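>>> dropping a prediction and its sequence here:
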Number of protein chains: 2
Amino acid sequence: MKAVKRSASVLRKAGKPAKAAPSQASARKLLDAAVHVIRSKGYSAARVEDICAEAGLTKGAFFHHFDSKEACAIAAAAHFAANADALFDAAPYSRSPDARARVLGYVEFRKAILKGDLPQFTCLLGTMVQEAYDSHPAIRAACDRYISEHAGRLETDIAEAKARHAPDAAWTPESAALYSQAVLQGAFILAKARHGPKVAADCLDHLKYYFETLLPVGEAEHPGP
Amino acid sequence: MKAVKRSASVLRKAGKPAKAAPSQASARKLLDAAVHVIRSKGYSAARVEDICAEAGLTKGAFFHHFDSKEACAIAAAAHFAANADALFDAAPYSRSPDARARVLGYVEFRKAILKGDLPQFTCLLGTMVQEAYDSHPAIRAACDRYISEHAGRLETDIAEAKARHAPDAAWTPESAALYSQAVLQGAFILAKARHGPKVAADCLDHLKYYFETLLPVGEAEHPGP
DNA sequence: GACATAATACCAACCAGTTGGTATGCAGGT
DNA sequence: ACCTGCATACCAACTGGTTGGTATTATGTC
């Protein structure tokens, strides 16, 4: 009496926006709260009651929406990734027609959003996978998936820029995209250790400089095929 | 009746090696166990009993040597850092007379030791500071200190190499040393997400290439002052 | 009244830390 | 040598607060 339970209402038909039930709002509150609490204290130390308190709800509501703490964490990972996607899609750099500018703009943008307290800009996925990679395979898989998807979006731009600016270079767009994610995750760790975003910004300066050398301008620019 | 307790025997006179008390051996066992367990499951999820079981001792022994779980974690951080220092000091690259070779050798060496299971090569400090930076200030401070000390050792070599190969470049040895630590920490996160060290090795290839471009050979080599 | 949502009350397992006890080693006095 | 006093090292059993999860009840909406 555990496996097949409720499929919950989190994934509704996307029905009437205002009137009916405020369930979507509560589910969203819980997810936002979970993201914030887990970013602050990690997955293991984040108690269900912490998340409920942060959301202004009780455990009754929590276990109505999620089968378990682990399921909530996985949903929170998806929620976090969706929010991130929306944020980067909306950022001005992403509408540049030049792929190289989009790559450098991405790094600049990531540097620009290093504002406020640490839980506001650090990565939920990197935080969770650190503790959960061995003991919670489902969480590891979710983090892997969303990190890889995010890297994949960046890889597209990198590949396009490489085709034009460094078509013969030995490195692959995939490894460069993953490398940038490693720099980001590591920058967050250093920011946490130092209790401030400055180190992270310095790291992103190095990353930007690296991309500038990987994608040199003005030498036999290759046009599109 | 809490603050002033034992000062323990961990720091003994360094007396007779074999006969007397086997306390040092047990303390070391507990520290090794703590490092392993925390690297596997993180600080919060690591139970004191897990550490004791791994060490083949009981909780009585644990709380004889450490005042609390947190104190053990801090001692484990110091233990880990000391072990790491010894490892890098013993590595062949560190005896090269050329500073640039030592910097590149460091990255190569870090890539070479990405062997075995994940808890065997990931960084205890980065793992702990992720969860503890906000809730356990003492742990954060310890991780900050040992990460910074390790970066400082690298910084010395980088500074020497920069003076010879890129004296006028805008970047600082300090930021480059911290950047390399960020890449490492991030590489470990990706390795955990992907359940294998390959991504991490790819990241270190990028880092090595970056250092090669930061420290170009053969252009107006500057001699020592 | 059927259904979804959410609150209250509760439980059983878990776990950091405590207690009290035993074993061992090391003085120094006789 | 032998005893005594004291500190260190360790163990087994216990405790009390915590916490994920459940059972039950209440409220609002079609």
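Received it, and whenever you're ready, just let me know what you need.

>>> please make it C-alpha for all contacts and neighbour counts, starting now.
OK.

>>> so, low pLDDT: which residues of chain A?
A:1-23, A:219-225 (pLDDT under 70).

>>> point out the residues in it that sit beside chain B.
Applying Cα under 8 Å from any Cα of the partner chain, we find that chain A lies next to chain B at A:40-42, A:44-45, A:126-127, A:129-135, A:140-141, A:143-144, A:175-176, A:178-179, A:181-187, A:189-190, A:192-195, A:199, A:202-203, A:206, A:210.

>>> can you say which of those residues are buried?
For the residues of chain A next to chain B, a burial check counting by 16 or more other Cα atoms under 10 Å in any protein chain shown picks out A:40-42, A:44-45, A:126-127, A:129-134, A:140-141, A:143-144, A:175-176, A:178-179, A:181-187, A:189-190, A:192-195, A:199, A:202-203, A:206, A:210.

>>> so of the residues of chain A next to chain B, which ones are in helices?
A:40-42, A:44-45, A:126-127, A:129-132, A:140-141, A:143-144, A:175-176, A:178-179, A:181-187, A:189-190, A:192-194, A:199, A:202-203, A:206, A:210 (DSSP state H).

>>> ok, and of the residues you listed, which contact DNA strand D?
With Cα under 7 Å from any atom of the strand as the criterion, those include residue A:45 near DNA strand D.

>>> nearest residue to residue A:115 in space, ignoring adjacent ones along the chain?
residue A:121 (7.0 Å; Cα to Cα, 6 or more residues apart in numbering or on different chains).

>>> spit out the contact partners of the one you found.
Shown in contact with residue A:121 (Cα atoms under 8 Å, 6 or more residues apart in numbering or on different chains): A:113-115.

>>> same question for residue A:161.
By Cα under 8 Å, 6+ apart, the neighbours of residue A:161 are A:98-100, A:103, A:215.

>>> my guess is residue A:184 meets residue A:205, correct?
No - between residue A:184 and residue A:205 there is no contact under Cα atoms under 8 Å: 11.2 Å.

>>> burial count for residue A:58?
16 (other Cα atoms under 10 Å in any protein chain shown).

>>> how far away is it from DNA strand D?
From residue A:58 over to DNA strand D the distance is 9 Å, taken as Cα to the nearest atom of the strand, to the nearest Å.

>>> who touches that residue in this structure?
A:49, A:52.

>>> quick check: buried residues in stretch A:51-61?
Here stretch A:51-61 shows A:51-52, A:54-55, A:58 as buried, counting by 16+ other Cα under 10 Å.

>>> is stretch A:71-85 anywhere near DNA strand C?
No - using Cα under 7 Å from any atom of the strand, stretch A:71-85 never reaches DNA strand C; the gap is at least 14.0 Å.

>>> nearest residue to the middle of chain A?
residue A:81 (4.7 Å; Cα atoms, centre = their mean).

>>> give me the contacts around the strand or helix carrying that one.
Counting by DSSP states H and E, the element that carries residue A:81 is helix A:69-90. With contact meaning Cα under 8 Å, 6+ apart, helix A:69-90 is reached by A:31-32, A:34-35, A:43, A:48, A:66, A:94, A:124-125, A:138-139, A:142-143, A:146, A:150.

>>> hmm, try it at 6 Å
A:31, A:35, A:66, A:139 (Cα atoms under 6 Å, 6 or more residues apart in numbering or on different chains).

>>> ok, the residue lying closest to residue A:96 once chain neighbours are set aside to residue A:159 distance?
Spatial nearest neighbour of residue A:96, excluding adjacent residues (Cα to Cα, 6+ apart): residue A:102 at 6.1 Å. As judged by Cα to Cα, to the nearest Å, residue A:102 and residue A:159 stand 12 Å apart.

>>> now do the SS call for residue A:216.
Look at residue A:216: counting by DSSP: H, G, I helix; E, B strand; the rest coil, its state is coil.

>>> dump the residue contacts of it.
residue A:165.

>>> phi and psi next, for it.
For residue A:216, the backbone dihedrals (degrees, to the nearest 10) come out as phi -70, psi 140.

>>> and the gap between it and residue B:55?
Taken as Cα to Cα, the span from residue A:216 to residue B:55 is 54 Å.

>>> repeat that for residue A:71.
Residue A:71 sits 33 Å away from residue B:55, taking Cα to Cα as the criterion.

>>> residue A:66 - nearest residue in space that isn't next to it in sequence?
residue A:72 (5.7 Å).

>>> ok, residue A:30 next?
Using Cα to Cα, 6+ apart, the nearest residue to residue A:30 is residue A:55, at 5.4 Å.

>>> my read: that neighbour touches residue A:34, true?
No - look at residue A:55 against residue A:34 with Cα atoms under 6 Å: they stay out of range, at 8.3 Å.

>>> tell me, how many residues neighbour the residue nearest to residue A:66?
Neighbour tally, residue A:72, other Cα under 10 Å: 21.

>>> next one: it from residue A:48, what distance?
For residue A:72, the distance to residue A:48 (Cα to Cα) stands at 9 Å.

>>> how about the one helix or strand residue A:31 maps to against DNA strand C, any contact?
Element membership of residue A:31, judged by DSSP H and E, is helix A:23-45. Yes - applying Cα under 7 Å from any atom of the strand, one finds helix A:23-45 in contact with DNA strand C at A:23-27.

>>> after that helix comes which helix or strand?
Counting by DSSP H and E, the element after helix A:23-45 in chain order, helix or strand, is helix A:48-55.

>>> so which elements touch that next one?
helix A:23-45 (3 or more Cα pairs under 6 Å, 6 or more residues apart in numbering or on different chains; DSSP states H and E).
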